[in-house]
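[1] based on what follows, work out the 3D shape:
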Amino acid sequence: MTGDQPELPVDLVRTLLGVLRQRLGLDAAWLSSFDDGMQVIEVLDGNADGLGVSPGQRIGLPESYCVRVIDGRLPAVIPDTSADQTTAALPITRESGVGAYVGVPVPVPGHGDATAGMVCVVSREPKPDLTDEDLQIVKQVADLIGTLIDSPAPGADPTADQRKAIRRVLAERDFEVVFQAVHDAATGKVVGVEALARFPCEPFRPDAFFQQAAQLGLDIELETAIVRRVLSMIPQLPDDVFVAMNISPAAALAAPWHELLVDVDPSRIVLEITEHVAVGNYGALDDALESCRARGMRIAVDDVGAGFASFSHVLELTPEFVKIDQSITRHIDVDDARRRLAQAIAEFAGQIGATVIAEGVESQGELDAVVAAGITWAQGFCLSRPKPHAHGFPPSFATAASTERVLAPVDLLGDRPFELALTHSPIGMAVVGLDGGFLRTNRALRAMLGYSRGTLADMTFQQITHPDDLDADLAMVAECLEGRRRSYRIDKRYIAADGHIVWCALTVVLVHAPRDQPRCFVSQIVDVTADRAREAELARQAATDPLTAIANRSAAFRRLEQLDAGHDGYGVLFCDIERFKSVNDWCGHHAGDQLLVEVAARLLAAVDEGALVARWGGDEFLVVTDTVEEHELARLATRITEEVDRTPVTLADGTQMPVAMTIGFAAHRPGDGRSIDAVLDCADQAMYEQRRQRRNTVLHKGNEAIGLVE
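    Take a look at the predicted model:
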């Protein structure tokens, strides 16, 4: 292992991994350690060809599955990575080709929640038959490997690197905010979200991370930074949900609310009071929270039922929300004492006018017991996992908890909970026949696409799918009917009743009748048109120079990489404005900016369609063309020079500013072995040579004029 730990018994670990891999029927298994924000592959067993994994390889942790399993954003068992919304969106899924994944942290005995690494077992193809029994086997192997890893060497400080990492995270604001939906427990509708911080380095788990930050005296600063990030993200969240933020009493007292709440609707904010240390002065805390309430914010008390302190919070703070701790909701469906305690808390909350939220609901049985206890709202992995806001969150338990239910051979159309989900879900839902016909549709889907119930009943999904997306959709359907998968998720376009295009995230589950015969599909359809447009605009902004509105350096380099990867030749022209600094010095930077904008426009007018004009930096521009012939590049350089030099640029104050360019060019021909950097350097040198020759010519003519040369 890395760091101060001794050599690992590699052969024994490889044997354990081999047994594990064969038992689960997957392709490869490995043990990884964590080192300085990286995942290091220590021991590998099986066939990892095509998975992009090899012994000794270092993989960035922030984009890995591992850190998301540890902090709860991903389940430990993922039978189909393409069907999970989070893994489907991660670049590492596409790059590695992983189809199924099981991952379990390796504990360090005697070091609390410390994690030495991960045991991962994967396959290239989805494995829908993976179960909790398989997970337990992986956990046993991970625990056994943990016992083989000795403690750090005497005298070493195992948390020193973690403290350093915490300071870096805070200094660079290097954390992620995810959101877990709070659902109406009866209908599944999303009523709010809880913002949760996730960290890219050890100790990973948020509670442990906050604890170590507090030991460094950085807890309030860290909490305030997270609150600031959450508040900046509220405009990107649905307007009809509240946003709950965890905050300690000390941070609530210290936070500069007058500054933080600028341009934010406080009525959407719920402050979820956590208690890492005892509250010494409830009077001061109550005053601070009263000021927040005066702005429209609401208060929630977290972890109620976990101890006497949480009940003191409820009595002292009279919150609008009471959150029942997961120690009560866990196994509430099989434990009468927990049921009675939850019911008593719900009754008490009702008497003080508070709404109860059950946390940690992880099974359908627990959800049913929560509803039976009179609890209004709930959150937990059964309903939805924490997700980045860009991925959205399931608006109904139909997208999560009921997925397992609809896989059973039941009569969907007569199942009352399914009917409730179908009727009340704010996202589009449909029951689709094996031929593609719509058997049932809900109001949300009909409103999204503009069709009536009767019209959709006479149509198939093929008729309203964009032609360019139909083949991919039908291929997934065929795989389901052939037994190769039971569900899938894709982004596709639908044709609305008025003809406009609606981009949607489609999740489909195949429902089986008795004897495992395919019966119908259940589809959940989320309108992501606005997300697509926003992503396209962000991509455009990321590739555009804000001053000149042409491509920026990053966009130019991507074009060069595309041409180089396609083994096509290309030409580049470095264009530099002569004496630009003097414009800034004599006329000011505003005049210089105006000159750059005009030069960019003239460059665009001079080049052929298909060529890319980019601002490379300062007063330098780059033209990328598919032309590789020297005489063609020279002709293009002349055309650019003539276009730029044709008339002076008129500045805002009326000044006529002549402009001239020095241009150097170079070409990359297939097979010449030159890298992109080498081609750019060649063009850059040619530009400076052109400038040197021009200056020598001017100097020579000047000397002739005064008789220094004959």
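[2] where exactly do the strands run in the stretch 301-450 of the chain?
    Using DSSP state E, counting those that start in this stretch, the strands found in the stretch 301-450 of the chain span residues 321-324, 355-358, 377-378, 428-432, 438-441.
[3] just send those strands back as TSV, with distance to R268, mean neighbour count and mean pLDDT too.
    Where C-beta positions appear, they are placed from N, C-alpha and C, glycine not excepted. Formatted as TSV, the strands of the stretch 301-450 of the chain follow (distance: least, Cβ to Cβ, whole Å; neighbours: other Cβ atoms under 10 Å; pLDDT from 0 to 100):
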stretch	distance to R268	mean neighbour count	mean pLDDT
strand 321-324	14	27	89
strand 355-358	15	26	91
strand 377-378	16	24	92
strand 428-432	25	22	90
strand 438-441	31	20	90
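[4] centroid residue for this structure?
    Central residue of the chain (Cα atoms, centre = their mean): P388, 5.2 Å from the mean position.
[5] that one against E176, yeah?
    Yes. Shown here, P388 and E176 form a contact pair, counting by Cβ atoms under 8 Å, at 7.0 Å.
[6] same question for stretch 302-314, mean pLDDT?
    Averaged across stretch 302-314, pLDDT comes to 67.
[7] make that stretch 20-40, sorry
    Regarding stretch 20-40, the rounded mean pLDDT is 85.
[8] which parts of that stretch are buried?
    Under the neighbour-count criterion of 16 or more other Cβ atoms under 10 Å, stretch 20-40 has 20-21, 24, 26-35, 37-40 buried.
[9] where are the low-confidence patches of the stretch 401-550 of the chain?
    The model of the stretch 401-550 of the chain has pLDDT under 70 over residues 401-425, 513-516.
[10] which stretches of it form helices?
    401-407, 416-424, 443-449, 453-457, 461-464, 467-481, 529-542 (DSSP state H, counting those that start in this stretch).
[11] make TSV from these and add distance to L130 to it.
    Listed next are those as TSV, based on distance: least, Cβ to Cβ, whole Å:
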stretch	distance to L130
helix 401-407	14
helix 416-424	25
helix 443-449	31
helix 453-457	36
helix 461-464	29
helix 467-481	18
helix 529-542	31
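[12] closest one to H631 among the ones you listed?
    Among the helices of the stretch 401-550 of the chain, helix 529-542 comes nearest to H631, with 35.0 Å by Cβ to Cβ.
[13] what about stretch 119-136, how long is it end to end?
    One end of stretch 119-136 to the other measures 12 Å (Cα to Cα, to the nearest Å).
[14] what angle do the longest strand along the chain and helix 529-542 make?
    Using DSSP state E to define each element, the chain has its longest strand at strand 501-513. Counting by axes from the mean of the first three to the mean of the last three Cα atoms, to 10 degrees, strand 501-513 points 130 degrees away from the direction of helix 529-542.
[15] check the offset of strand 501-513 from the chain's centre.
    22 Å (Cα atoms, centre = their mean, to the nearest Å).
[16] what strands flank that strand, and is each parallel or antiparallel?
    Strand 501-513 sits in its sheet next to strand 487-495 (antiparallel), strand 517-527 (antiparallel), going by DSSP bridges.
[17] will you turn these into a markdown table that also has mean neighbour count and distance to E272?
    Shown next, in a markdown table, are the strands paired with strand 501-513 (neighbours: other Cβ atoms under 10 Å; distance: least, Cβ to Cβ, whole Å):
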| stretch | mean neighbour count | distance to E272 |
| --- | --- | --- |
| strand 487-495 | 19 | 31 |
| strand 517-527 | 20 | 27 |
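[18] before we move on, back to that, now the helices of the stretch 401-550 of the chain in CSV, with mean neighbour count and distance to Q236?
    Output for the helices of the stretch 401-550 of the chain, formatted as CSV (neighbours: other Cβ under 10 Å; distance: least, Cβ to Cβ, whole Å):
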stretch, mean neighbour count, distance to Q236
helix 401-407, 20, 26
helix 416-424, 17, 25
helix 443-449, 19, 20
helix 453-457, 14, 31
helix 461-464, 18, 29
helix 467-481, 14, 26
helix 529-542, 12, 8
